[in-house]
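Student: sharing a model prediction with you, sequence too.
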Amino acid sequence: MKRAVLALADGTTFEGRALGASGETVGEVVFNTSMTGYQEILTDPSYVGQIVTMAYPEMGNVGANPGDEESLKPHAVGMVVRNASAQQSNWRAQETLDAYLRRHGIVGIEGLDTRRLVRHLRINGAQMGVVSTEGHSASALVERARNAQGMEGMDLATGVSTSKPYLFTTPSPSLLGEEPRPVVEPRFDVVAYDYGLKRSMLHYLVDVGCRVKVVPAGTTAEEVLADKPHGVFLANGPGDPAAVKGADKVVASLLGKVPVFGICLGHQILALALGGRTYKMKFGHRGANQPVKDLLTGKVEITSQNHGFAVDDASVKGRAAVSHINLNDGTVEGLNVPDARAFSVQYHPEASPGPHDARYLFTRFAKLMAGE
């Protein structure tokens with residue numbers, strides 16, 4: 001088995017075995033606490049420029065298949081696991097995780113102490129790193145990680161956004177052989193800003209009666225309003241929300257004119273449009289077990305999350321009501337702006353992977369557009 005090295009910008013190094021493609025990759029090293037869903041995670045465009053460490057020790061046991069992809073290809077630039085199963089065991093699997101990574105040119109590493117790595121990132125924060133199978137010295141790899149540009153100030157959303165508008169009308173698929181869901185006749189025309197959206201978000205919008213037009217991140221407010229949509233959806237995406245060119249001003253121009261629903265990066269851009277601020281978190285929230293409290297109902301939802309930036313609570317006071325908070329650290333997880341018919345959540349109600357506690361939010365958006 002080929003030797004691989006993970007080197008962090010703070011000088012810490014880990015040795016392991018090569019996983020996936022051979023070569024070298026540079027990215028922000030983050031960790032995800034999900035026990036399953038590695039393929040959805042790899043293909044989530046929010047992971048652009050990141051090397052994902054899976055905290056759970058066993059990965060790859062269900063292999064890989066096209067139905068679990070959230071976009072056309074993996075967007076994470078590297079993968080770190082304790083042990084990658086050499087065999088898949090799932091009726092939907094078409095190849096092993098190792099073969100999937102090799103086919104897409106994703107460099108990974110396995111066989112290292114991921115518990116130590118995750119604890120290191122929790123204490124010292126997410127940071128740039130290098131995974132290499134090319135036999136370079138650890139000191140050379142550390143130096144390369146130190147010279148790599150971090151996430152702050154990077155507009156990654158524009159780079160992964162669609163280049164041209166397209167229509168999406170496909171409901172969520174039946175993956176486990178259950179009876180197909182009743183077809184919901186489209187009642188709402190929705191424009192979805194693609195900042196790096198996941199396919200499942202579009203499926204769930206269609207499931208609640210939306211005909212979705214997906215548009216590039218740089219689409220102007222005038223172009224959107226010319227379509228006379230019933231609502232505007234602000235998708236998730238990677239990188240620094242403050243760096244997405246003109247997005248805050250565009251969304252500010254839409255507020256009050258059409259109902260708006262934002263998720264993750266879309267939530268952060270809504271906060272910026274209201275005059276709020278965002279900041280880089282120490283190690284972010286990535287996993288399928290983040291507890292979030294709805295401050296209106298008092299209910300707690302277990303949510304799927306993937307973000308390295310957050311909304312500054314103080315900066316939105318008087319501009320929006322904080323509707324949800326994270327019970328682990330008290331950070332802002334939701335905003336509500338009734339006068340503008342807009343709301344947003346930091347977490348992922350579509351899950352993929354993760355629990356389905358928050359899927360009701362797509363129905364809430366439909367009711368908002370219906371005036372209920």
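Tutor: Happy to help now that I have it.
Student: regarding the chain, what is its longest strand?
Tutor: Using DSSP state E, we find that the single longest strand of the chain is strand 278-294.
Student: partners of that strand, with directions?
Tutor: strand 300-311 (antiparallel), strand 321-326 (antiparallel) (DSSP bridges).
Student: quick one, what contacts the residue lying farthest from the centre of the chain?
Tutor: Going by C-alpha atoms, centre = their mean, the residue of the chain most distant from its centre is Ser137, 33.1 Å out. By C-beta atoms under 8 Å, 6 or more residues apart in numbering, Ser137 lies in contact with nothing. Bear in mind the C-beta positions are built from the backbone N, C-alpha and C, glycine included.
Student: hang on, the earlier thing: quick one, which of the strands paired with strand 278-294 is nearest to Val190?
Tutor: Closest to Val190 of those, according to C-beta to C-beta: strand 321-326, at 20.9 Å.
Student: run the chain-centre distance for the closest one.
Tutor: The chain centroid and the centroid of strand 321-326 are separated by 19 Å under C-alpha atoms, centre = their mean, to the nearest Å.
Student: can you check stretch 299-306 too?
Tutor: Centroid separation for stretch 299-306 versus its chain: 14 Å, with C-alpha atoms, centre = their mean.
Student: deepest of the strands paired with strand 278-294, which one?
Tutor: strand 300-311 (a mean of 22; mean count of other C-beta atoms under 10 Å).
Student: mean confidence for that one?
Tutor: Averaging pLDDT along strand 300-311 gives 96.
Student: for the strands paired with strand 278-294, give me JSON lines that also has distance to Arg341.
Tutor: Output for those, formatted as JSON lines (distance: least, C-beta to C-beta, whole Å):
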{"stretch": "strand 300-311", "distance to Arg341": "19"}
{"stretch": "strand 321-326", "distance to Arg341": "13"}
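Student: any idea how far the residue farthest from the centre of the chain is from Val5?
Tutor: Note on Ser137: its distance to Val5, by C-beta to C-beta, to the nearest Å, is 9 Å.
Student: these two touch, right, Asn65 and Thr96?
Tutor: No - Asn65 lies out of contact with Thr96 (C-beta atoms under 8 Å); the separation is 11.2 Å.
Student: partners of Val260 in the sheet?
Tutor: With DSSP bridges as the rule, Val260 is bridged to Val232, Ala342.
Student: what sits against it?
Tutor: Contacts of Val260 (C-beta under 8 Å, 6+ apart): 231-234, 251, 254, 270, 340-344.
Student: recalculate using a threshold of 7 Å.
Tutor: Counting by C-beta atoms under 7 Å, 6 or more residues apart in numbering, Val260 touches 232, 234, 254, 270, 342.
Student: same check, this time on Gly37
Tutor: 288, 353.
Student: nearest residue to Glu223 in space, ignoring adjacent ones along the chain?
Tutor: Val215 (7.5 Å; C-beta to C-beta, 6 or more residues apart in numbering).
Student: now do the buried residues in the helix or strand containing that neighbour.
Tutor: Counting by DSSP states H and E, the element that carries Val215 is strand 210-216. By 16 or more other C-beta atoms under 10 Å, the buried positions in strand 210-216 come out as 210-215.
Student: strands along the stretch 1-150 of the chain, start to end?
Tutor: 3-8, 13-20, 24-32, 50-54, 58-59, 78-81, 83-84, 107-110, 127-132 (DSSP state E, counting those that start in this stretch).
Student: looking at those, which is nearest to Tyr193?
Tutor: strand 50-54 (21.5 Å).
Student: the closest one versus strand 13-20: what angle between them?
Tutor: For strand 50-54 against strand 13-20, the angle by axes from the mean of the first three to the mean of the last three C-alpha atoms, to 10 degrees is 90 degrees.
Student: do you know the pLDDT at the closest residue to Ala18 other than its chain neighbours?
Tutor: For Ala18, ignoring the flanking residues on the chain, the nearest one in space by C-beta to C-beta, 6+ apart is Lys2 at 3.9 Å. Reported pLDDT at Lys2 in the predicted model: 94.
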